[in-house]
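Visitor: kindly generate the corresponding structure for this input.
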Amino acid sequence: MSEINKMKDYAHKNNVPIMQDEGIKFLCDLVKTRNCRSILECGTAIGFSSICMAKINPEIKIDTCEINVGLIEIARKNIQEENCENQIEVHHCDAAIFQTTKKYDLIFVDAAKAQYKKYMDHFMENLSETGVFVFDNLNFHGLVDNPEMTKSRNTKALVRKIKNFRDLILEDKNLNTCFYPNIGDGIAVVEVKKVL
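Guide: Purely as a prediction, here's the structure:
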């Protein structure tokens with residue numbers, strides 16, 4: 001079994017959310033076509049998506065933020081086993097407080113779903129001239145469009161926040177958003193229009 005499959009297997013058995021196969025393929029294809037070299041990831045989990053992106057090109061450098069100490073240890077071990085430690089730096093913090101002056105070609109947000117707007121606002125200045133944001137889980141297992149499928153008040157509140165964010169990025173005139181509802185769990189690629 002390949003290391004990537006081992007990671008997927010571990011995530012499945014331990015209920016660690018990682019990107020679905022078509023989602024990670026879409027993300028990696030985007031990194032290739034846009035020739036991304038600098039990437040920021042909000043939400044490392046076990047390092048799965050970081051490693052997949054780093055494997056595309058040895059010149060790719062990734063900063064990734066994770067708040068869960070247990071996951072960080074697993075991610076660092078996986079990154080080392082895949083010989084990606086020179087490309088991927090794991091930061092132990094909530095991405096919303098991560099400070100950097102770097103500019104990124106791609107900012108991938110797959111962390112606390114209720115905080116997506118906060119992450120976008122926080123990193124707006126860190127997007128390179130041609131950079132994009134990528135947001136995952138904008139369907140949230142079909143619940144965003146069918147909130148009646150859950151009885152949990154907390155889940156309903158979360159789903160409402162995701163829907164509000166999705167509506168915002170689709171309607172904001174300063175953003176150029178492509179939403180792919182049928183890829184993975186709903187992925188959006190967001191470009192910020194340059195003010196002339």
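Visitor: where exactly do the strands run in this structure?
Guide: For the chain, the strands defined by DSSP state E cover 38-42, 61-66, 88-92, 104-109, 127-135, 175-180, 187-192.
Visitor: list the contacts of the third one.
Guide: I take that to be strand 88-92. 44, 47, 50-51, 54, 61-67, 69, 72, 75-76, 79, 98 (CB atoms under 8 Å, 6 or more residues apart in numbering). Bear in mind the C-beta positions are built from the backbone N, C-alpha and C, glycine included.
Visitor: swap the cut-off to 10 Å and go again
Guide: Here strand 88-92 makes contact (CB atoms under 10 Å, 6 or more residues apart in numbering) with 39-41, 44, 47, 50-51, 53-54, 60-69, 71-73, 75-76, 78-80, 82, 97-98, 100.
Visitor: any of those residues buried? List them.
Guide: 39-41, 44, 47, 50-51, 53-54, 60-67, 71-72, 75-76, 78-79, 82, 98 (16 or more other CB atoms under 10 Å).
Visitor: isn't residue 168 up against residue 135?
Guide: No - counting by CB atoms under 10 Å, residue 168 stays clear of residue 135, with 11.0 Å between them.
Visitor: which neighbours do those two have in common?
Guide: Residues touching both residue 168 and residue 135 (CB under 10 Å, 6+ apart) are 116, 120, 177.
Visitor: and the closest residue to the second one other than its chain neighbours, what does it touch?
Guide: In this case it means residue 120. With sequence-adjacent residues excluded and distances taken as CB to CB, 6 or more residues apart in numbering, residue 120 is closest to residue 133, at 6.0 Å. For residue 133, the contact set (CB under 10 Å, 6+ apart) comprises 40, 42, 104, 106-109, 116, 119-120, 123-124, 127, 169, 175, 177, 188-192.
Visitor: a markdown table for the strands of the chain, including mean pLDDT and distance to residue 159?
Guide: Listed next are those as a markdown table, based on pLDDT from 0 to 100; distance: least, CB to CB, whole Å:
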| stretch | mean pLDDT | distance to residue 159 |
| --- | --- | --- |
| strand 38-42 | 97 | 20 |
| strand 61-66 | 97 | 24 |
| strand 88-92 | 97 | 29 |
| strand 104-109 | 97 | 17 |
| strand 127-135 | 95 | 15 |
| strand 175-180 | 96 | 16 |
| strand 187-192 | 96 | 16 |
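Visitor: this completes my enquiry, with thanks.
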